[in-house]
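K.L.:
coordinates for the following, if possible.
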Amino acid sequence: MLSLFFVPVITSASHIIVDGDEAHHAMKVLRIDIGDELMLADGQGSWARGEVVALDKKSFAVDVLERGVVQENAQELIVIQALMKSDRAKEAIELLTVAGADRIIPWQSERSIAKWQSDLGEKWFTTAKTAAKQSRRLKLPEIEGPITTREIAARFGSGANLLVLHESAVDRLSELGSEITPGPIVLVVGPEGGLSENEIQALSQAGGRVVLLGNQVFRSAHAGFAGLAAIQTLISRW
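P.N.:
Here you go, the predicted structure:
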């Protein structure tokens, strides 16, 4: 599979110049050479396959052989991830990206120990971008700012499939099947300490469905990945 690099824009020109950090990684780490084929993407859905035709000290040129646009998914997959320690958060973002989350929203839940910092949005985006390159994902997930429980209920309580993961649930996620309706599928993942009774009640009253992944209890960083895998199978995307 061809290596993937992100550029600000996929132009209509016959060749594209790659510079900055992506060029440095390609030339210094991966040691690309003239004649190598690779993939370029703008992270928004446009992509190009091309051949390296020139190398400079800080950039390289690619002749475009093929270009296209990623087809939009019929249903947006949104993960609302409770905040956790930075190392766990990085792991979660990596897993959510490769599992196909279209949008990732941080949640300051009652039992989250970590607090949202102003630079975390950029860090989460950088982590998602790196994971996308590794998994050859052409369109990057949207990373939003933090959301509250009340905002979750107001925004996704109607017109969306709001699924709340919790070990006390009776309904299994795998049993939803035809109950998934048109509209975004929103997966709520709690922190290491779990969801509070107030949060479960608020999200349930707003129309959320509390569901179970299985008999095992997942770590917060891993639950979203497992949930997305189950959902991708339910909607026949995987």
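K.L.:
per-residue confidence averaged over stretch 64-71?
P.N.:
When pLDDT is averaged over stretch 64-71, the result is 96.
K.L.:
buried ones in it?
P.N.:
V64 (16 or more other CB atoms under 10 Å). Where you see a C-beta, it was placed from the backbone N, CA and C, and this is true even at glycine.
K.L.:
let's have the chain start at 34 instead
P.N.:
From this message on, residue numbering opens at 34, which makes the last subject stretch 97-104.
K.L.:
list the contacts of it.
P.N.:
By CB atoms under 8 Å, 6 or more residues apart in numbering, the residues outside stretch 97-104 that reach it are 43, 46-49, 70, 78-84, 171-172.
K.L.:
which of the residues you listed sits closest to Q265?
P.N.:
Closest approach to Q265 among the contacts of stretch 97-104 (CB to CB): K172, at 15.3 Å.
K.L.:
bridging residues for that closest one?
P.N.:
Taking DSSP bridges as the rule, K172 bridges to G76, Q77.
K.L.:
and the buried ones among the contacts of stretch 97-104, selectable in PyMOL?
P.N.:
Buried residues within the contacts of stretch 97-104, by 16+ other CB under 10 Å, are selected in PyMOL with:
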select buried, resi 43+49+79+80+81+83+171+172
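K.L.:
in helices, which of the contacts of stretch 97-104 fall?
P.N.:
Among the contacts of stretch 97-104, DSSP state H puts none in helices.
K.L.:
wait, which of the contacts of stretch 97-104 is closest to M117?
P.N.:
K172 (25.5 Å).
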